[in-house]
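Engineer: Have a look; sequence and predicted model below, questions after that.
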Amino acid sequence: MARAQFEALAPWRGTFLVASLALAWSGPVDAYLALLAEAAGRWRTAYPLYRSAIEACENAGSRAIEAHVRYELARALLDRDTRDRKTADRLLDRAAGIADELRLDGLARWIADLRRSSPAERSRVRSPEA
């Protein structure tokens, strides 16, 4: 299912999801493509999509969504291999800073939970939107 959704969304890579004439800003399509690629087991596709989504958020000044994407990439890195712990910690540090500044309390809790979780528990830690 994730593969089919990825293929349907792929033509809009590099753009942003906006609904109802900018009444809802859902962030870069690349973030959703990254999640779908990861779910389909396509890490080599997912990783650069996460990175491009973060860059798009930085360029657009979309800090709240940037924090969420940083969280998702950190979670994915930790799920894959603990050797990526330093990179994941840097991503989580930045996401936590944004969450604190913007008072994204739910995201701050998810970040804290992810930091405390063991590898076995991480499979049960989901994103704040889930």
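Structural biologist: Sure, I can see it. Numbering: from 1, shown residues only.
Engineer: When you work out contacts or count neighbours from here on, use the C-alpha atoms and nothing else.
Structural biologist: Fine.
Engineer: who's in contact with residue 5?
Structural biologist: In this structure, residue 5 makes contact with residue 36, judged by C-alpha atoms under 8 Å, 6 or more residues apart in numbering.
Engineer: What separation do you get for it and residue 77?
Structural biologist: Note on residue 5: its distance to residue 77, by C-alpha to C-alpha, to the nearest Å, is 22 Å.
Engineer: What values do phi and psi take at residue 14?
Structural biologist: Residue 14 adopts backbone torsions of phi 90, psi 0, taken as degrees, to the nearest 10.
Engineer: burial count for it?
Structural biologist: 14 (other C-alpha atoms under 10 Å).
Engineer: wouldn't it be in contact with residue 27 here?
Structural biologist: No - the criterion here is C-alpha atoms under 8 Å, and residue 14 misses it with residue 27 at 10.4 Å.
Engineer: So what touches stretch 58-67?
Structural biologist: With contact meaning C-alpha under 8 Å, 6+ apart, stretch 58-67 is reached by 26-27, 53-54, 57, 94-96, 98-99, 102, 104.
Engineer: average pLDDT across the helix or strand containing residue 91?
Structural biologist: When elements are assigned from DSSP states H and E, residue 91 belongs to helix 85-102. Averaged across helix 85-102, the pLDDT comes to 96.
Engineer: same check, this time on stretch 56-73
Structural biologist: Stretch 56-73 carries an average pLDDT of 96.
Engineer: now it: how far from the chain's centre is it?
Structural biologist: Chain-centre distance of stretch 56-73: 8 Å, with C-alpha atoms, centre = their mean, to the nearest Å.
Engineer: how about it: buried residues?
Structural biologist: Neighbour counts over stretch 56-73 (16 or more other C-alpha atoms under 10 Å) mark 56-57, 62-73 as buried.
Engineer: right, and the pair among those with maximum separation?
Structural biologist: Spanning the widest gap among these are 62 and 73, at 16.4 Å by C-alpha to C-alpha.
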